[in-house]
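Novice: Model the following, please.
(chains A and B)
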2 protein chains.
Amino acid sequence: MTEPEPAAAFSRTLLADPVALTAALCDIPSVSADERAIADAIEATLRAHAPHLELVRDGDAIVARTALGRAQRVVIAGHIDTVPINDNLPTRLEQGVLHGRGTVDMKGGCAVLLGLAVELDAPAYDVTWVFYDHEEVSSDLNGLGRLARTRPELLEADFAILGEPSNGTVEGGCNGTLRVELRTTGRRAHSARAWKGVNAIHALQPALATLATYEPATVEVDGLAYREGLNAVGVTGGVAGNVIPDAAVMEVNYRFAPDKSAAEAERLMRELFESESIAVVVTDAAAGARPGLDAPLAQHFLAAVGGTPAPKYGWTDVARFSELGIPAVNYGPGDPSLAHADDERVEVQQIVDCARGLRAWLAAG
Amino acid sequence: MTEPEPAAAFSRTLLADPVALTAALCDIPSVSADERAIADAIEATLRAHAPHLELVRDGDAIVARTALGRAQRVVIAGHIDTVPINDNLPTRLEQGVLHGRGTVDMKGGCAVLLGLAVELDAPAYDVTWVFYDHEEVSSDLNGLGRLARTRPELLEADFAILGEPSNGTVEGGCNGTLRVELRTTGRRAHSARAWKGVNAIHALQPALATLATYEPATVEVDGLAYREGLNAVGVTGGVAGNVIPDAAVMEVNYRFAPDKSAAEAERLMRELFESESIAVVVTDAAAGARPGLDAPLAQHFLAAVGGTPAPKYGWTDVARFSELGIPAVNYGPGDPSLAHADDERVEVQQIVDCARGLRAWLAAG
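Specialist: Below you'll find the predicted structure:
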């Protein structure tokens, strides 16, 4: 047995090329719970090349902060874990498209962040760069959530940017998400004498009718239009092929606009579904985040990177900043609809453009 | 290693007491696929005490036939297996009630058959006694079905009685049973962008509405009223809590009166459920059996045992006789609603009465 080699720092040449750096980061596998190697590489790189940053390592999260005494501070964050690899590594670059796990979600963003963290030793705002673990798994494991709970002072800022894939446009805020179980109960009986039982699957009928005919709203919040969604995402019931079932459960996912709190979303679900025969049980709730695009820093940022801001539909960690009272947006390379796909891939020009946009803003202020 | 002991025959004293014999049969565990020991005991008993019977052993089924040259022959059959034991053996007799696995389904009936098989060496009709295996499991394993396929000549008869529990009344025929899967397909999408997908669970809505409002018919067949039933017995769908599901399946069980063939029942299911978005797949079909109470032997039998005949709702092996063109009824001790229950139990007077009823008919003709 020998001591493990200390992780090697990436070279300055590699750091200056965000596309090559994306490939290098992807080629270090880092499925959630297995982020040690990539975290070590990022930490070693910052220690080697970024003496202007104060480093904190927390588990497999790394927080790297400038301390320039600027009037305002921004957090720029990205997660370093991926969903499981499915024969889609190592990366390959073909005709301007980089293929492979993590290229979209979100090592392209991480490469942009890591390159700029090293390069910009005197940004116009103080910057807190955050690379964190466990984003792709259960929310209670999330590295950013852990920092918010245990080291909230590290995340203090006036504005936050999350490098999640957004096709290189600014996506403001995010929808909230609520999951409820609709539970019915009945009475078992042999299906040959069905009239002696009460069928719990049949009892789901009013709920399914509501879902099938529901017209989800589109809600304008701070100038962005958030499209909601209400869907059954699971259903289960049944004992055996000859038994009237005495229990059934339908799992419903409500994606709600950030004008509502999680409690308001829950109230709406109860109004829609709760009855004598259907119990509503909340299993998961996360409020959305208002876009926060009216904050002055957000306005500067928008002007620097250009483009038309759009709403973010999926729940992202911007909502954690929102909870801390920090306006936050998503801005990163990659098409979010390709995240987690087996053919995950990014147009490398988006990586280059995002790096240019962020650099322009941070350099000019 | 020593040779296994040959199975012991039951004594004549025990054979003359159908209640004690029921307890003795129950106390030989014989969950489906484990019928060897009880089949050996029954075979040994018949070899020892019933020289008037021709014996055929087929797997763990025993066929024992008189060969008296009577003008008519009846089959009297019972299965020797049980559903799994659940801490409900050995039997116990308390205040005229015998408790334990198999007391209802159907070792009470088997005890009546075995006692009379030994006792009646010159019945008014030729009798084929059948003790068979694997009734409580998948239909393709059923011992009576195996005999019907491989030794149909052994089952030739003018009338058949199945000793299934019927509270000591004659239950005629049985309902048929059809199982179909209603399958829907959709298109997966992240639930944050639900409008990009098609929800397969929602697509079950018309089928569930039909089921929840369906009024099952009651159909009179040969003077008996058969109550039908149409029920969802299972439902499953869903990929993950954040995915619009692309597939869902609802399993439906239709219990149909014996005026319909299985093909007619299937046609009705297709009329009710099949659509562009719902595929109907038959997974199991077994026609019912008309009561056959207009057969002369059935009339004699009814007169001898008394009582008012009733319809049988559950599918039983009488339908196998019906397929062979042999009118068949259920007649046995025990409340069928206690079959398979953990507190399975029989009033012993029903065992005594059934033995008396069958004996009276077979002795007098």
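
Novice: where exactly do the strands run in the stretch 101-250 of chain A?
Specialist: Taking DSSP state E, counting those that start in this stretch as the test, the strands found in the stretch 101-250 of chain A are A:126-132, A:159-162, A:171-172, A:176-185, A:189-190, A:218-221, A:224-227, A:229-238, A:243-244, A:247-256.

Novice: what does the second one rub up against?
Specialist: It stands for strand A:159-162. Residues from elsewhere that reach strand A:159-162 (C-beta atoms under 8 Å, 6 or more residues apart in numbering or on different chains): A:72, A:74-78, A:292, A:295, A:297-298, A:301, A:316-318, A:321, A:326-332, A:358. For every residue, glycine as well, the C-beta is placed using N, CA and C.

Novice: Ramachandran angles for the residue of the stretch 1-150 of chain A found nearest chain B?
Specialist: Nearest residue of the stretch 1-150 of chain A to chain B, counting by C-beta to the nearest C-beta: A:Ser138, 10.8 Å away. Per-residue torsions, A:Ser138: phi -50, psi 140 (degrees, to the nearest 10).

Novice: At which residues are the helices of chain A located?
Specialist: A:12-15, A:18-26, A:36-49, A:108-119, A:143-150, A:205-213, A:262-273, A:296-305, A:318-323, A:348-364 (DSSP state H).

Novice: on contacts alone, who are the packing partners of the helix or strand of chain A with the lowest mean pLDDT?
Specialist: In chain A, no helix or strand scores lower on mean pLDDT, DSSP states H and E than strand A:189-190, which sits at a mean of 86. Packed against strand A:189-190 by the contact rule (3 or more C-beta pairs under 8 Å, 6 or more residues apart in numbering or on different chains; DSSP states H and E) you find strand A:243-244.

Novice: ok so, going back, put together JSON lines for the helices of chain A, with distance to B:His52 and mean pLDDT on each row.
Specialist: Formatted as JSON lines, the helices of chain A follow (distance: least, C-beta to C-beta, whole Å; pLDDT from 0 to 100):
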{"stretch": "helix A:12-15", "distance to B:His52": "97", "mean pLDDT": "96"}
{"stretch": "helix A:18-26", "distance to B:His52": "85", "mean pLDDT": "98"}
{"stretch": "helix A:36-49", "distance to B:His52": "83", "mean pLDDT": "98"}
{"stretch": "helix A:108-119", "distance to B:His52": "89", "mean pLDDT": "98"}
{"stretch": "helix A:143-150", "distance to B:His52": "83", "mean pLDDT": "96"}
{"stretch": "helix A:205-213", "distance to B:His52": "60", "mean pLDDT": "98"}
{"stretch": "helix A:262-273", "distance to B:His52": "69", "mean pLDDT": "98"}
{"stretch": "helix A:296-305", "distance to B:His52": "100", "mean pLDDT": "90"}
{"stretch": "helix A:318-323", "distance to B:His52": "85", "mean pLDDT": "91"}
{"stretch": "helix A:348-364", "distance to B:His52": "92", "mean pLDDT": "95"}
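
Novice: Mean neighbour count added to these, as TSV?
Specialist: Below are the helices of chain A laid out as TSV (neighbours: other C-beta atoms under 10 Å in any protein chain shown):
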stretch	mean neighbour count
helix A:12-15	16
helix A:18-26	24
helix A:36-49	20
helix A:108-119	27
helix A:143-150	18
helix A:205-213	19
helix A:262-273	16
helix A:296-305	17
helix A:318-323	22
helix A:348-364	19
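
Novice: quick one, which of those is nearest to A:Pro165?
Specialist: Smallest distance to A:Pro165 across the helices of chain A (C-beta to C-beta): 6.9 Å, for helix A:108-119.

Novice: got the angle between that closest one and strand A:126-132?
Specialist: 140 degrees (axes from the mean of the first three to the mean of the last three C-alpha atoms, to 10 degrees).

Novice: Check which helices and strands helix A:108-119 sits against.
Specialist: helix A:12-15, helix A:18-26, helix A:36-49, strand A:73-79, strand A:126-132, helix A:348-364.

Novice: quick check, distance from the second one to the centre of its chain.
Specialist: In this case it means helix A:18-26. 20 Å (C-alpha atoms, centre = their mean, to the nearest Å).

Novice: export the helices of chain A to CSV and tack on distance to B:Ala61?
Specialist: Shown next, in CSV, are the helices of chain A (distance: least, C-beta to C-beta, whole Å):
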stretch, distance to B:Ala61
helix A:12-15, 77
helix A:18-26, 65
helix A:36-49, 64
helix A:108-119, 70
helix A:143-150, 65
helix A:205-213, 45
helix A:262-273, 53
helix A:296-305, 81
helix A:318-323, 67
helix A:348-364, 73
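
Novice: residues near the nearest residue to A:Gln349 once chain neighbours are set aside, how many?
Specialist: Among residues not flanking A:Gln349 along the chain, A:Gly96 sits closest, at 6.6 Å (C-beta to C-beta, 6 or more residues apart in numbering or on different chains). By other C-beta atoms under 10 Å in any protein chain shown, the residues close to A:Gly96 number 10.

Novice: for A:Phe159, same thing?
Specialist: A:Phe159, neighbours per other C-beta under 10 Å, totals 22.

Novice: what does A:Pro245 give?
Specialist: Neighbour number of A:Pro245 under other C-beta under 10 Å is 30.

Novice: Give me the contact list for stretch A:82-98.
Specialist: A:19, A:22-23, A:26-27, A:29-32, A:99-103, A:105, A:107-108, A:136, A:340, A:342-349, A:351.

Novice: Please list only the buried members of the residues you listed.
Specialist: For the contacts of stretch A:82-98, a burial check counting by 16 or more other C-beta atoms under 10 Å in any protein chain shown picks out A:19, A:22-23, A:26, A:29-30, A:32, A:99-103, A:105, A:107-108, A:136, A:340, A:344-348, A:351.

Novice: wait, what's in contact with A:Tyr125?
Specialist: A:Arg70, A:Ala71, A:Gln72, A:Arg73, A:Val74, A:Asp158, A:Leu297, A:Leu362, A:Gly365.

Novice: I'd say A:Val74 and A:Leu155 touch.
Specialist: No. With contact defined as C-beta atoms under 8 Å, A:Val74 does not reach A:Leu155; the gap is 11.1 Å.

Novice: anything in contact with each of the two?
Specialist: With C-beta under 8 Å, 6+ apart as the test, A:Val74 and A:Leu155 both reach A:Thr128.

Novice: Distance to B:Asn231 added to the contacts of A:Tyr125, as JSON lines?
Specialist: Formatted as JSON lines, those follow (distance: C-beta to C-beta, whole Å):
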{"residue": "A:Arg70", "distance to B:Asn231": "69"}
{"residue": "A:Ala71", "distance to B:Asn231": "69"}
{"residue": "A:Gln72", "distance to B:Asn231": "65"}
{"residue": "A:Arg73", "distance to B:Asn231": "63"}
{"residue": "A:Val74", "distance to B:Asn231": "60"}
{"residue": "A:Asp158", "distance to B:Asn231": "61"}
{"residue": "A:Leu297", "distance to B:Asn231": "61"}
{"residue": "A:Leu362", "distance to B:Asn231": "65"}
{"residue": "A:Gly365", "distance to B:Asn231": "69"}
